[in-house]
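In: Give me coordinates for this.
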Amino acid sequence: DFIAEDLDRAYQLMGENEINGGRANKFIAAGLKSRAMLYAACEAKNGIVQLDGICGIPASEAIKYYLLAYDAACKAMDNGGKYELYNRYDNGTEAGKIKNYWNIFIDESTSNKERMLIKEYDAGVANGRPENWTCQQLPYHHSMVTDSGELSPTVEWLELWDDKDGNPFVLNIGTEDNPMRYDKTEDLFARAQPRMKATILFPGCEIPGRDGAIFEVRRGIYDSYPEGPLYESASFTERHPNGMTIQGWCGIGSQMTNGNGCLVWKWVDPAATANFWAGSVDWIEMRYAEILLNKAEAAVNLIGQKSLDGKNITQADALDPINSIRKRAGTTELNTINEAKVINERRCELAFENRIFWDLKRWRMYENTIQNKTFSALYPYYVVDEGKYIFKLHERTEIRYSFDSKSYYAPISSSVIAKSEGAIVQNPGY
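Out: Below is the predicted model of the structure:
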């Protein structure tokens with residue numbers, strides 16, 4: 001409640017325009033309140049009250065905080081056109097939608113009204129603050145450092161998505177005994193929605209801004225399948241007898257390249273020099289799409305309730321903001337909505353933006369998502385005698401994740417507890 005009051009006061013006192021880049025204004029204050037109140041609502045809905053009421057929020061207060069989140073999101077959206085979804089390059093084609101989506105994160109011009117609260121990076125000025133993401137994330141052979149292109153999504157993450165027709169995205173790779181054959185590796189991803197194609201690089205796709213260069217990766221080469229022999233290598237120069245490099249130009253599966261087959265592309269500036277600590281891409285801490293998602297999540301938990309200004313909250317209040325996002329993404333709009341659909345849309349739209357880790361915790365989904373889990377890579381192989389590609393799933397058994405439910409709360413330093421002389425007690429489980 002203290003946080004809500006502070007942000008209400010900020011909304012009242014601040015102007016519509018920030019003083020300079022990286023600073024807040026009243027709409028950002030409202031957006032931050034919508035985010036914070038969702039945390040409170042989820043704590044009430046999904047958590048339990050412990051330590052005689054010191055830890056947790058009663059379930060009876062969930063509606064109160066969803067209403068505050070909904071109201072704040074509406075205020076952030078009522079900004080007179082200052083902020084809106086970015087559609088500069090969306091000409092209705094798939095190529096236009098792909099270009100449009102990855103430009104959200106690198107277009108720092110006034111045309112990009114989706115950026116709300118940013119952390120500025122600039123390597124080109126004296127005493128500037130550079131970033132190193134582009135250098136580290138460009139595919140191998142396109143960066144100035146040897147260990148590049150490392151962060152890659154898992155198969156389980158790929159399967160969260162809808163395809164361009166609104167159906168679940170399916171990796172149609174066949175079986176180990178009878179794998180599907182493809183002329184080109186990118187053909188496996190033909191049905192992927194444009195937003196997905198802009199968020200990650202698929203094997204065989206063209207690398208944006210690199211003069212037609214291809215993200216070429218192979219886990220190995222079979223002379224024939226399944227009899228073999230199979231050629232695999234950790235070297236970027238070792239070749240199959242037919243002359244093809246075994247790993248491909250960008251490589252896969254070695255310590256210096258991506259480990260799962262695809263590559264995270266958000267925030268990467270393809271026009272950058274790729275020198276070490278020479279990037280200038282701003283970090284977007286808050287963008288307009290999050291505000292729409294905040295409104296939708298609050299609304300889907302409030303259908304049938306009255307908003308703070310007395311209006312009936314209906315399914316449309318949750319559905320419309322979600323469909324605005326999906327339309328831009330290049331997939332079909334939804335006809336019905338529920339919380340599971342809102343959550344999944346958020347996990348796709350805000351992937352790799354430092355939101356989903358915290359969302360999974362407030363939804364109390366983190367345990368079920370990673371506890372004692374392994375995740376899978378997607379490896380392409382070339383079959384010489386057929387001139388085709390096949391794909392195999394590879395379970396990353398070397399990495400098994402764990403999560404203790406006490407970690408939904410952080411430990412409090414013993415020195416802080418001591419200084420409080422008993423007023424502060426340790427969080428449960430520590």
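In: What ranges in the stretch 201-350 of the chain fall below the confidence cut-off?
Out: The stretch 201-350 of the chain contains residues with pLDDT under 70 at 253.
In: In it, what residue spans correspond to strands?
Out: 220-222, 230-231, 263-264, 283-287 (DSSP state E, counting those that start in this stretch).
In: Please identify the pairing partners of the longest one and their relative orientation?
Out: Read that as strand 283-287. Here strand 283-287 is paired, per DSSP bridges, with strand 115-119 (antiparallel).
In: And the partner strand, what's buried?
Out: Arg115, Met116, Leu117, Ile118 (16 or more other C-beta atoms under 10 Å). Backbone N, C-alpha and C define where each C-beta goes, glycine included.
In: now, among these, which is nearest to Asn338?
Out: For the buried residues of strand 115-119, the closest approach to Asn338 (C-beta to C-beta) belongs to Met116, at 27.4 Å.
In: picking up where we left off before, can you say which of the strands of the stretch 201-350 of the chain is nearest to Asn372?
Out: Comparing these against Asn372 with C-beta to C-beta, the closest turns out to be strand 263-264 (24.9 Å).
In: And the contacts of the closest one?
Out: Gln137, Pro139, Gly149, Leu151, Ser152, Pro153, Thr199, Ile200, Leu201, Phe215, Phe352 (C-beta atoms under 8 Å, 6 or more residues apart in numbering).
In: how far out from the middle of the chain is it?
Out: Put simply, strand 263-264 sits 11 Å off its chain's centre (C-alpha atoms, centre = their mean, to the nearest Å).
In: Stretch 148-162 now?
Out: 10 Å.
In: so how far is the first residue of that stretch from its last?
Out: Criterion C-alpha to C-alpha, to the nearest Å; first-to-last residue distance in stretch 148-162 is 29 Å.
In: List the buried residues of it.
Out: For stretch 148-162, the neighbour count (16+ other C-beta under 10 Å) marks Ser148, Gly149, Leu151, Ser152, Pro153, Thr154, Val155, Trp157, Leu158, Leu160, Trp161, Asp162 as buried.
In: next one: stretch 273-290
Out: Applying 16+ other C-beta under 10 Å to stretch 273-290 flags 274, 278-290 as buried.
In: any idea where the helices of the stretch 51-200 of the chain begin and end?
Out: 62-77, 94-103, 133-137, 155-158, 194-199 (DSSP state H, counting those that start in this stretch).
In: One more: the stretch 301-430 of the chain?
Out: Under DSSP H, counting those that start in this stretch, the stretch 301-430 of the chain gives helices at 315-329, 339-349, 356-362, 366-370, 414-419.
In: Neighbours of Gln255, how many?
Out: A count of nearby residues for Gln255, using other C-beta atoms under 10 Å, gives 9.
In: meant to ask about Gly261
Out: Neighbours around Gly261, by other C-beta under 10 Å: 29.
In: if we can go back for a sec, would you list the buried residues of stretch 273-290 in a markdown table and tack on distance to Cys55?
Out: Below are the buried residues of stretch 273-290 laid out as a markdown table (distance: C-beta to C-beta, whole Å):
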| residue | distance to Cys55 |
| --- | --- |
| Ala274 | 47 |
| Ala278 | 45 |
| Gly279 | 41 |
| Ser280 | 43 |
| Val281 | 39 |
| Asp282 | 37 |
| Trp283 | 32 |
| Ile284 | 32 |
| Glu285 | 28 |
| Met286 | 28 |
| Arg287 | 32 |
| Tyr288 | 34 |
| Ala289 | 32 |
| Glu290 | 27 |
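In: Tell me, please, where in the stretch 1-150 of the chain the pLDDT is lower than the cut-off.
Out: Counting by pLDDT under 70, the stretch 1-150 of the chain shows low-confidence ranges at 146-147.
In: was I right about Pro153 contacting Ile200?
Out: Yes - the criterion here is C-beta atoms under 8 Å, and Pro153 meets it with Ile200 at 5.7 Å.
In: one step back: nearest to Ala95, of the buried residues of stretch 273-290?
Out: Ala289 (20.9 Å).
In: Excluding sequence neighbours, find me the nearest residue to the residue nearest the centre of the chain.
Out: Note on the chain: the residue nearest the mean C-alpha position is Ala351, at 0.6 Å, using C-alpha atoms, centre = their mean. In space, and not counting its chain neighbours, Ala351 is closest to Thr199: 6.1 Å by C-beta to C-beta, 6 or more residues apart in numbering.
In: count of residues packed around the one you found?
Out: Look at Thr199: counted by other C-beta under 10 Å, it has 25 neighbours.
In: try Gln136
Out: Residues near Gln136, counting by other C-beta under 10 Å, number 19.
In: close enough to count as contact, it and Ser143?
Out: Yes - in terms of C-beta under 8 Å, Gln136 counts as a neighbour of Ser143; the distance is 7.3 Å.
In: List the residues that are in contact with both of these two.
Out: Gly149.
In: Would you mind listing the buried residues in stretch 37-57?
Out: Buried residues in stretch 37-57, counting neighbours by 16+ other C-beta under 10 Å, are found at Met37, Leu38, Tyr39, Ala40, Ala41, Cys42, Glu43, Ala44, Lys45, Gly47, Cys55, Ile57.
In: So which of the residues you listed sit within helices?
Out: The helices, defined by DSSP state H, take in Met37, Leu38, Tyr39, Ala40, Ala41, Cys42, Glu43, Ala44, Lys45 from the buried residues of stretch 37-57.
In: Could you export the residues you listed as TSV, including distance to Lys388?
Out: Putting these into TSV (distance: C-beta to C-beta, whole Å) gives the following:
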residue	distance to Lys388
Met37	53
Leu38	48
Tyr39	49
Ala40	54
Ala41	51
Cys42	48
Glu43	52
Ala44	54
Lys45	50
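In: Right, I'll call it a day here.
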